[in-house]
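A.B. asks: return atomic coordinates for the entry below.
(one chain, ligands or ions: 1)
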Amino acid sequence: MDQNPILKIKDLSFSYQKGEEILKGLNFELDERSTAIIGQNGAGKTTLVKLLKGLLRPTSGSIDFEGKDITAMTVAQLAKHIGMVFQNPNDQIFKNRVLDEVMFGPLKIGMDETKAKQKAMESLEQVGLLELADENPYDLGLSSRKLVAIASILAMDTKVIILDEPTIAQDYHGKELIKTVIRKLRAEGKTVITIIHDMDFVADTFERAIVVAHGTILIDGTTREVFAKEDILRQANLEQPNVTKLCRSLGYDEIFLTTDEFIGYQKEKLKA
Ligand SMILES: Nc1ncnc2c1ncn2[C@@H]1O[C@H](COP(=O)(O)OP(=O)(O)OP(=O)(O)O)[C@@H](O)[C@H]1O
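C.D. replies: The predicted structure is shown next:
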């Protein structure tokens with residue numbers, strides 16, 4: 001397992017208003033494992049990723065990217081290394097042609113036109129939208145617009161990719177596509193950090209889960225470790241994935257994360 005820290009978060013606290021701490025002295029590291037940040041509404045997840053992206057500055061504590069304090073870097077410098085897809089694509093999209101939108105980020109961080117176009121086309125292909133390259137993003141439905149927003153960050157080829165609720169508004173096909181994108185990024189050695197409320201998707205896709213509640217980390221571990229802790233999840237108003245819950249209530253001691261895992265287990269048992 002690769003454990004080289006990419007981002008080191010030390011004693012990180014943040015307040016929007018004096019005296020109202022939203023994040024309270026967080027300490028953790030992010031490495032190449034795909035990581036889901038989970039927690040109830042208002043827990044501080046978006047605030048945390050905005051800090052990682054340099055859009056907000058810590059009230060106290062620090063964030064190091066590959067050994068360098070990110071407060072010493074401008075948002076523009078950090079953009080070459082850390083990309084973020086916003087929850088609402090309308091906060092991100094402003095060009096009136098899909099291809100121009102996806103090329104915008106790469107050009108902005110200094111890629112030449114040819115490379116930016118190549119990256120944009122590859123990214124659009126990855127999210128299944130290549131044939132819509134000449135469309136106006138605002139003529140597309142929300143699910144496609146979200147995929148355009150994802151493609152525009154993929155095209156920037158950053159080391160870290162942060163996704164805020166990528167599966168909202170996606171049907172089965174869209175979710176499968178996003179799962180494939182995340183796995184491919186992981187295989188390429190990128191660090192994918194995702195805020196997400198869909199526990200079934202987390203169990204199926206991510207290696208690590210960090211549970212945030214009231215500005216602190218309640219538990220941080222492999223998804224299997226985290227989803228085994230029903231009591232801690234309850235404190236954060238979270239549920240186990242459906243198959244995990246089902247197997248627990250059927251009396252299994254094992255933690256199953258996906259139906260395929262459970263089916264495999266049953267088949268082995270039948271063979272034995
Ligand atoms: N710009 C802001 N100014 C003041 N308070 C804010 C601001 N943005 C968020 N907050 C508050 O900070 C707290 C944490 O919000 P945040 O959006 O980080 O939570 P979250 O875990 O991402 O929630 P959700 O799952 O609903 O997106 C909330 O109480 C929220 O109201």
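
A.B. asks: from Asp171, how far off is the spatially most central residue of the chain?
C.D. replies: The centre of the chain sits closest to Thr194, judged by CA atoms, centre = their mean, with a distance of 1.6 Å. Applying CB to CB, to the nearest Å, the value for Thr194 to Asp171 is 18 Å. Where C-beta positions appear, they are placed from N, C-alpha and C, glycine not excepted.

A.B. asks: same check, this time on Phe227
C.D. replies: 24 Å.

A.B. asks: more neighbours, the two?
C.D. replies: Neighbour count, other CB atoms under 10 Å: between Phe227 and Asp171, Phe227 has more, with 26 against 10.

A.B. asks: name all residues that make contact with the more buried one.
C.D. replies: 199, 203, 209, 233, 240-241, 244, 255, 257 (CB atoms under 8 Å, 6 or more residues apart in numbering).

A.B. asks: those in strands, which ones?
C.D. replies: Ala209 (DSSP state E).

A.B. asks: now Leu12. Nearest residue, chain neighbours left out?
C.D. replies: In space, and not counting its chain neighbours, Leu12 is closest to Gly61: 3.9 Å by CB to CB, 6 or more residues apart in numbering.

A.B. asks: pLDDT score assigned to the one you found?
C.D. replies: Model confidence at Gly61, given as pLDDT, is 97.

A.B. asks: now do the end-to-end distance for stretch 52-68.
C.D. replies: Using CA to CA, to the nearest Å, the gap from the first to the last residue of stretch 52-68 comes to 13 Å.

A.B. asks: tell me if it is near the ligand.
C.D. replies: No: counting by CB under 6 Å from any ligand atom, the ligand has no neighbours in stretch 52-68; the shortest distance is 8.7 Å.

A.B. asks: pull out the buried residues from that stretch.
C.D. replies: 52-54, 56, 58, 61, 63-65 (16 or more other CB atoms under 10 Å).

A.B. asks: strands of the stretch 101-250 of the chain, start to end?
C.D. replies: With DSSP state E, counting those that start in this stretch applied, the stretch 101-250 of the chain shows strands at 160-164, 191-195, 208-213, 216-222, listed in chain order.

A.B. asks: so what are the domain limits for the chain?
C.D. replies: Under the assignment automatic domain parsing, the domains of the chain span 1-81+159-227, 93-157, 241-272.
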